[in-house]
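Q: quick one, fold the following:
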Amino acid sequence: MSLLTSLIQAGAQFQQAMERRPATADRDGTANARAAASNNKPATDTTPSATDDRFTPSGINEPDSLQVKARKLAMTDYKQTVGQDLAFVRETLRHKLAEYQLSPASKLEVSRDDNGGIRLGGNLPQESSARIEQDLNNNKPFREAFSRLSTSEPTLHFMDNALKLNKAYGVSNSLLDTITSENQQFNGLQDLVHRYDSVRRSVEAGDAGAFSAPKGYAFSLNTRA
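A: Coordinates of the predicted model:
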């Protein structure tokens, strides 16, 4: 900092200090300011000035509760877990297409009926579709993976979007804040899925149009969203 800059800053700080101090302290304040200026150092003033870049007003840049708790969410681990079920479901369907000598580009859509059974849609021949649907219903690992996927993937999609909006624009999501625990021990993927699904069901029970999440889940293969 140059001598001229030091003197200008010292003068500004001294003027502000004089306006705040009682008249009886006038002579002492002047002497202190002159002594500081002669040493090329601004007079000491514990009250930040308007030109002090180091001063940050209280409350600014403090993270909100969502940002604090969001740092605990192991999104990478969640995505890997969901990705394993996605890969298993996808490969099982591709294997079935090959088993029945159908085009690997055939469009398939897997969903669940009202009883929790597997329902197969798409552009397959009716006979092949019925046989593959029966095979999938008899495949316990497939049913379990699809059941997990039908709840975990929508939850993960919601969380991922909410966190991206929070990071990019500082937009907090009250639902994500609600389902996220302060204790990371209770922020496992299935914990979050359970809370999200409970809130969704509760809201839908009160107002069917109040929740934007889809009521059903379907996994599509070889189709564009």
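
Q: buried stuff in the strand or helix carrying residue 200?
A: Residue 200 belongs to helix 189-206 when assigned by DSSP states H and E. Across helix 189-206, burial judged by 16 or more other CB atoms under 10 Å covers 189, 192, 193, 195, 196, 197, 200, 203. Backbone N, C-alpha and C define where each C-beta goes, glycine included.

Q: closest one to residue 71 out of these, please.
A: residue 192 (14.9 Å; CB to CB).

Q: contact partners for residue 96?
A: 132, 135, 136 (CB atoms under 8 Å, 6 or more residues apart in numbering).

Q: contact partners for residue 114?
A: For residue 114, the contact set (CB under 8 Å, 6+ apart) is empty.

Q: what about it, which SS state?
A: Assigned state for residue 114: coil (three-state reduction, DSSP: H, G, I helix; E, B strand; the rest coil).

Q: and it, how far from residue 150?
A: To residue 150, residue 114 is 14 Å away according to CB to CB, to the nearest Å.

Q: residue 118 bridge partners, please.
A: Legend: beta-bridge partners of residue 118 under DSSP bridges are residue 112.

Q: same for the helix holding residue 200, what does it pack against?
A: When contacts are defined as 3 or more CB pairs under 8 Å, 6 or more residues apart in numbering; DSSP states H and E, helix 189-206 sits against helix 75-99, helix 140-169, helix 174-179.

Q: for the shortest one, packing partners?
A: Right, the one you point to is helix 174-179. Looks like helix 174-179 contacts helix 65-70, helix 140-169, helix 189-206 (3+ CB pairs under 8 Å, 6+ apart).

Q: switch the cut-off to 7 Å
A: helix 65-70, helix 189-206 (3 or more CB pairs under 7 Å, 6 or more residues apart in numbering; DSSP states H and E).

Q: CSV please, covering those helices and showing mean pLDDT and distance to residue 123.
A: Below are the helices and strands packed on helix 174-179 laid out as CSV (pLDDT from 0 to 100; distance: least, CB to CB, whole Å):
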stretch, mean pLDDT, distance to residue 123
helix 65-70, 72, 42
helix 189-206, 87, 31
